[in-house]
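Peer 1: need a structure here:
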Amino acid sequence: MGNLCSCMGGGSAECDFHAMQPKLESLQATHLSAASQKGVNAFNVSENSLQTLPEGISALKNLTVLNVCVNQLTGLPESLGNLVNLTILDANDNKISKLPESIGKLIKLKQFFLFKNECTVLPESMGKLQALQELNAFNNKLIKLPVGLGQLASLQELNVADNKLKTTPSFDGLTSLTRLALFSNNLVVLPAIKGLQKVTKIELYRNALETLPEFG
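Peer 2: Okay, the predicted model is just below:
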């Protein structure tokens, strides 16, 4: 166990339980204790067989990177919101159907990878993630987006392609956006797309649009 949590340069530390053999089916108190004692900044449990994350994950107060991708997770714990130093959250390729409202407390979060999951909605609290620069929720089952998502001024890339969206909120507050991926949805109508002065790529193919939105 000890050699899986190690110190790095600059006073930071990481715990790497990536692709364990045999694969982890649950996180034990010993895993979290080892990480907590080291004051880890990065915690990687990707490519295992985890079905849940314990509420005790919140004890890792120094975390800036949490990688739980390629597991069997069906959700994330409410205590996730206590990881207020988190800047990168990678939860792609799981079976997550719902996110906790507490995710809105992650005010330093810059990158959130949620692609290849089973979410039908995203929490309204995500409208509070003012530091968020990239959100990838490709290939979920989203039927709507939170209104506040369209007001995240730091967001540079928004990928909600390959979902079940019929419309979207206004994106006029996404003043830093460079890429907007909406392809492979069920879009029939879109609000005017205005104020996106930095956008270089908008992907709308494979939808049911009869008219294009107003651009400006």
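Peer 1: in the protein, which spans are helices?
Peer 2: Listed in chain order, the helices of the chain (DSSP state H) span residues 29-38.
Peer 1: low-scoring pLDDT stretches of it, where are they?
Peer 2: Segments of the chain classed as low confidence (criterion: pLDDT under 70) are 1-4, 6-11.
Peer 1: hmm, 50 instead?
Peer 2: For the chain, the stretches flagged by pLDDT under 50 are 1-3.
Peer 1: residues touching the residue sitting nearest the centre point of the chain, list them.
Peer 2: Residue closest to the average C-alpha location in the chain (CA atoms, centre = their mean): residue 112, at 2.8 Å. Listed by CB atoms under 8 Å, 6 or more residues apart in numbering, the contact partners of residue 112 are 89, 91, 129, 132, 134-136. (Each C-beta comes from the backbone N, C-alpha and C, glycine too.)
Peer 1: beta partners of it?
Peer 2: residue 89, residue 135 (DSSP bridges).
Peer 1: Turn the contacts of residue 112 into a markdown table, columns for neighbour count and distance to residue 198.
Peer 2: Output for these, formatted as a markdown table (neighbours: other CB atoms under 10 Å; distance: CB to CB, whole Å):
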| residue | neighbour count | distance to residue 198 |
| --- | --- | --- |
| 89 | 23 | 24 |
| 91 | 25 | 27 |
| 129 | 24 | 19 |
| 132 | 25 | 16 |
| 134 | 17 | 14 |
| 135 | 24 | 16 |
| 136 | 19 | 18 |
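Peer 1: Tell me the one of these nearest residue 183?
Peer 2: residue 136 (13.4 Å; CB to CB).
Peer 1: Quick check: closest non-adjacent residue to the closest one.
Peer 2: Nearest residue to residue 136, sequence neighbours excluded (CB to CB, 6 or more residues apart in numbering): residue 159, at 4.5 Å.
Peer 1: can you tell me how far the one you found sits from residue 45?
Peer 2: The span separating residue 159 from residue 45 equals 24 Å under the rule CB to CB, to the nearest Å.
Peer 1: Then residue 52?
Peer 2: Distance, residue 52 to residue 45, using CB to CB: 12 Å.
Peer 1: Which one's more surrounded, those two?
Peer 2: Each of residue 52 and residue 45 has its neighbours counted (other CB atoms under 10 Å); residue 45 has more, 25 against 15.
Peer 1: didn't the more buried one look like it was pressed against residue 70?
Peer 2: No. With contacts counted by CB atoms under 8 Å, residue 45 stays clear of residue 70, the gap being 9.7 Å.
Peer 1: What ranges does this structure have for its strands?
Peer 2: For the chain, the strands defined by DSSP state E cover 5-7, 13-16, 42-44, 65-67, 88-90, 111-113, 134-136, 157-159, 179-181, 201-203.
Peer 1: All set now, cheers.
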